[in-house]
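**Student:** sequence first, predicted model second:
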Amino acid sequence: MLFAITVHEVAHGWMAKRLGDATAQRLGRLTLNPFKHIDPIGTVLVPLLLLLAGGGAFGWAKPIPVTAENLRHPKRDMVYVAAAGPFANLLMAAFWGLAAVLGTSIPEGFGSAGAALVYMGVKGVEINAVLMMLNLLPLPPLDGGRIAVGLLPGRLSWQLSQVEPYGFFVLLALFVTENSFHILGTILGPPIAFVQHTIFSLVSLLQ
């Protein structure tokens, strides 16, 4: 989980740097050190409270700082910056799928190493698929919301951007009420299952 969140955030900063904004690099955020990305509220407090309330575990890392004005084409480039995080999760899901396949080929003489690698690989695919699809919801300030803001025409883009101050409250409400209404599960379940199935189908060809 820490690896998935950390690489996701670094991908945003890396893409912003390639497109002209080095804010994240100057602030020391282009690092795989997870402690640089921990948000006391989003990474610790909110997940703990949600678990205690009986909801699903949800949280976020400290957002990577991006100065849109530094980007060469701010509106267009913010789409690429936002998309970099979910795309990094897709690549990591593929990596963990390969790890699971590798685990199945480890001889029994190595004890439980093979089974452990398979388990880690399966969970890695699951975690990254969930993070990718969750972040692609078209709800600012999630990545999907920022992608939609960048792609929609003027007035619609502006109207959607006005949702950003309330976006996380909407998402938290969906998580807290998930056991009762299953809204997130209904929306995200099929695409998450599709991503997982596709990755395992592709990596199984290597066996």
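**Tutor:** Received, thanks. Numbering: from 1, shown residues only.
**Student:** drop to CA atoms for contacts and neighbour counts, all remaining ones
**Tutor:** Fine.
**Student:** quick check: longest helix of the protein.
**Tutor:** Determined from DSSP state H, the single longest helix within the chain is helix 74-104.
**Student:** quick one: buried residues of it?
**Tutor:** Going by neighbour count (16 or more other CA atoms under 10 Å), the buried part of helix 74-104 is 75, 77-90, 92-104.
**Student:** so what's Ala129 closest to, chain neighbours aside?
**Tutor:** Distances taken as CA to CA, 6 or more residues apart in numbering place Ile192 nearest to Ala129, at 5.7 Å, with adjacent residues excluded.
**Student:** so what pLDDT did that neighbour get?
**Tutor:** We have a pLDDT of 96 for Ile192.
**Student:** for it, give me its contacts.
**Tutor:** Contact analysis of Ile192 by CA atoms under 8 Å, 6 or more residues apart in numbering lists 129-130, 133.
**Student:** pLDDT score for the residue sitting nearest the centre point of the chain?
**Tutor:** The centroid of the chain falls nearest to Leu131 when counting by CA atoms, centre = their mean (3.7 Å). Looking at Leu131, its pLDDT reads 91.
**Student:** which secondary structure elements does the host helix or strand of it contact?
**Tutor:** Element membership of Leu131 [criterion: DSSP states H and E] is helix 113-135. With contacts defined as 3 or more CA pairs under 8 Å, 6 or more residues apart in numbering; DSSP states H and E, the packing partners of helix 113-135 are helix 74-104, helix 183-204.
**Student:** list the buried residues in the shortest one.
**Tutor:** Think helix 183-204. For helix 183-204, the neighbour count (16+ other CA under 10 Å) marks 184, 188, 191-192, 195-196, 199-200, 203 as buried.
**Student:** now the residues you listed in JSON lines, with distance to Ala116?
**Tutor:** Shown next, in JSON lines, are those (distance: CA to CA, whole Å):
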{"residue": "Leu184", "distance to Ala116": "30"}
{"residue": "Leu188", "distance to Ala116": "28"}
{"residue": "Pro191", "distance to Ala116": "27"}
{"residue": "Ile192", "distance to Ala116": "23"}
{"residue": "Val195", "distance to Ala116": "22"}
{"residue": "Gln196", "distance to Ala116": "19"}
{"residue": "Ile199", "distance to Ala116": "19"}
{"residue": "Phe200", "distance to Ala116": "17"}
{"residue": "Val203", "distance to Ala116": "18"}
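**Student:** verify the stated contact: Thr6 with Arg29.
**Tutor:** No - in this structure Thr6 lies outside contact range of Arg29 using CA atoms under 8 Å: 9.9 Å.
**Student:** correct me, but the residue nearest to the centre of the chain touches Asn89?
**Tutor:** Yes - contact between Leu131 and Asn89 holds when scored by CA under 8 Å: they sit 7.0 Å apart.
**Student:** poorly predicted segments of the protein, please.
**Tutor:** 50, 54-59, 207 (pLDDT under 70).
**Student:** that older thread, in JSON lines, list the helices and strands packed on helix 113-135 along with distance to Gly20.
**Tutor:** Formatted as JSON lines, the helices and strands packed on helix 113-135 follow (distance: least, CA to CA, whole Å):
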{"stretch": "helix 74-104", "distance to Gly20": "9"}
{"stretch": "helix 183-204", "distance to Gly20": "32"}
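**Student:** what's the closest of the ones you listed to Pro34?
**Tutor:** Set against Pro34 and scored by CA to CA, those come closest in helix 74-104, at 15.3 Å.
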